[in-house]
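Engineer: below is the sequence, then the predicted model.
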Amino acid sequence: MHVLHVVGARPNFMKAAPVLAALARVSGVRQTLIHTGQHYDSNMSDVFLQQLEMPPPDLNLDVGSGSHARQTAEIMSRFEPVVTERRPDLVLVYGDVNSTVAAGLVCSKLQVRVGHVEAGLRSRDRSMPEEINRIITDQLSDLLFTPSADADENLQHEGVDASKIHRVGNVMIDTLVRLLPQSLRYKPHDLPARYALVTLHRPSNVDNPPRLRELLATLAELSQDLAILFPVHPRTRQRISEFELPHTAARLCLMDPKSYLEFLALQQGATVVITDSGGMQEETSFLGVPCLTLRENTERPITVSLGTNRLIGRDISLLKSEVRRILAGDIKKASSIPLWDGHAADRIAQVVVRGKHLL
Ligand code: UD1
């Protein structure tokens, strides 16, 4: 059986790594790894592949950046001949980035089976490109691997046949569980006792000059209460410079994007995480670190109901009061989330192998 994996952007790598490893333990499975090149800076891609101990990609499509239409179309036209030549039995796509939907569309037109890892998540906010990518990818997929019961319900509500849905848990947590001990060696020796770890890259926060200005000013203000460590996504770095926004304050530290292990160590030791990322809502919930999410909605509601996540939306005064509440020791306790146990990829491998007879 030939399984082809498609990755392209930073959050794909930690999801694909455990699935590649789990399928490598199964006899009779041949694997191919295709990197679309959506993310190409070494600190957004290469360092992740190395630290996650992934095999080098068999091919990089080198698509690079562009508008959504251009990037998606470029991935599709470069990926189609790869599928035609390599004839995989199953293509696995991950998460909700443009590489995910582009690869799914190509395969469904070529009638190659698609498995979607992290299926069923819905924010119900169609202004987010990721929500469109999720809905379409799920409609195209033959195997839908979900992280939680809410995702199963979303899919059934959209008419997906229950026999295609497999609740396996969270593959990103598999990677976290495996690498947490190793990451602690990457903890800087000069870390402040209390700090907020910040990431921002959503268009709704960083593409709008008054919003980004307000967020940077708030971080500068909060840095009077605790140090702020802010690894800056390339998109955000570009916007700060394009809009010529002030971003300096004594304890506000903007830095280049971190590797997986460095970042995990920073997350684990943080007093609070402030973010608009999807994956960090999950990682902080698992680690028991308070998370304040600068979004109006989340496709990961279980991180709010069972985890440490709190939605802040666009309310800056709520952000400030929540940070101060956490500094005063009033911390939301997390419960463990079913199937987020480090074995999701093994469950995916079992489903894939069970389906071999369908080929
Ligand atoms: C993409 C995903 C988003 C995910 C995020 C994680 C989509 C629609 N969005 O957003 O869901 O949360 O990745 O990082 O797929 N750039 C570089 N170097 C790189 C990559 C990007 O400088 O290696 C810059 C380019 O100017 C590019 C911009 O960042 O135009 C945005 O990159 P893009 O891949 O379009 O989207 P992300 O914002 O990274």
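Structural biologist: Perfect, I can see it now.
Engineer: state the pLDDT value of residue 358.
Structural biologist: pLDDT, residue 358: 54.
Engineer: and the helices in the stretch 1-150 of the chain, which stretches?
Structural biologist: In the stretch 1-150 of the chain, the helices defined using DSSP state H, counting those that start in this stretch lie at 10-24, 46-51, 68-86, 98-109, 129-140, 149-157.
Engineer: buried sites along the longest one?
Structural biologist: If I follow you right, that is helix 68-86. 71-72, 74-76, 78-80, 82-83 (16 or more other C-beta atoms under 10 Å). Every C-beta, even on glycine, is put in place using the N, C-alpha and C of the backbone.
Engineer: for the ligand, what is the nearest residue in the stretch 151-300 of the chain?
Structural biologist: residue 234 (3.2 Å; C-beta to the nearest ligand atom).
Engineer: what's around that residue, how many residues?
Structural biologist: 16 (other C-beta atoms under 10 Å).
Engineer: what residues are up against it?
Structural biologist: By C-beta atoms under 8 Å, 6 or more residues apart in numbering, the contact set of residue 234 is 41, 44, 257.
Engineer: now do 6 Å
Structural biologist: Applying C-beta atoms under 6 Å, 6 or more residues apart in numbering to residue 234 gives no contacts.
Engineer: circling back to that earlier point, can you list the buried residues of helix 68-86 in JSON lines and add distance to the ligand and pLDDT?
Structural biologist: As requested, the buried residues of helix 68-86 are exported to JSON lines (distance: C-beta to the nearest ligand atom, whole Å; pLDDT from 0 to 100):
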{"residue": "71", "distance to the ligand": "6", "pLDDT": "98"}
{"residue": "72", "distance to the ligand": "9", "pLDDT": "98"}
{"residue": "74", "distance to the ligand": "11", "pLDDT": "98"}
{"residue": "75", "distance to the ligand": "10", "pLDDT": "98"}
{"residue": "76", "distance to the ligand": "14", "pLDDT": "98"}
{"residue": "78", "distance to the ligand": "15", "pLDDT": "98"}
{"residue": "79", "distance to the ligand": "15", "pLDDT": "99"}
{"residue": "80", "distance to the ligand": "19", "pLDDT": "98"}
{"residue": "82", "distance to the ligand": "19", "pLDDT": "98"}
{"residue": "83", "distance to the ligand": "20", "pLDDT": "98"}
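Engineer: pLDDT weak spots in this structure?
Structural biologist: Scanning the chain for pLDDT under 70 picks out the ranges 356-359.
Engineer: how does it look with 90?
Structural biologist: Along the chain, the model assigns pLDDT under 90 to residues 246-250, 332-333, 354-359.
Engineer: for it, which segments count as strands?
Structural biologist: Secondary structure of the chain (DSSP state E): strands at 2-7, 30-35, 59-60, 90-94, 113-117, 143-146, 165-167, 195-199, 227-231, 252-255, 272-275, 291-293, 309-311.
Engineer: okay, the fifth one in CSV with CA atoms only?
Structural biologist: Extracted in CSV, the C-alpha atoms of strand 113-117 (Å, rounded to 0.1, in the frame of the first residue of the first chain):
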residue,chain,number,x,y,z
ARG,A,113,-8.7,8.4,-1.9
VAL,A,114,-8.1,11.3,0.6
GLY,A,115,-7.7,11.1,4.4
HIS,A,116,-8.1,14.4,6.3
VAL,A,117,-6.2,14.5,9.6
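Engineer: roughly how far is it from the heart of the chain?
Structural biologist: 17 Å (C-alpha atoms, centre = their mean, to the nearest Å).
Engineer: and what of the first one?
Structural biologist: Centre-to-centre, strand 2-7 and its host chain are 18 Å apart (C-alpha atoms, centre = their mean).
Engineer: same thing with stretch 112-129?
Structural biologist: For stretch 112-129, the distance to the chain centre is 12 Å (C-alpha atoms, centre = their mean).
Engineer: neighbours around residue 229, how many?
Structural biologist: 22.
Engineer: please name the bridge partners of it.
Structural biologist: residue 197, residue 253 (DSSP bridges).
Engineer: which ones are touching it?
Structural biologist: Counted by C-beta under 6 Å, 6+ apart, residue 229 has contacts 195, 197, 253.
Engineer: repeat that for 8 Å
Structural biologist: By C-beta under 8 Å, 6+ apart, the neighbours of residue 229 are 195-198, 253, 255, 266, 270.
Engineer: okay, now the domains of this structure?
Structural biologist: Per automatic domain parsing, the structural domains of the chain span 2-169+340-356, 182-327.
Engineer: quick one: end-to-end distance for stretch 36-54.
Structural biologist: 15 Å (C-alpha to C-alpha, to the nearest Å).
Engineer: follow-up on the earlier one: could you dump the domains of the chain into a markdown table with distance to residue 333 added?
Structural biologist: Formatted as a markdown table, the domains of the chain follow (distance: least, C-beta to C-beta, whole Å):
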| stretch | distance to residue 333 |
| --- | --- |
| domain 2-169+340-356 | 16 |
| domain 182-327 | 8 |
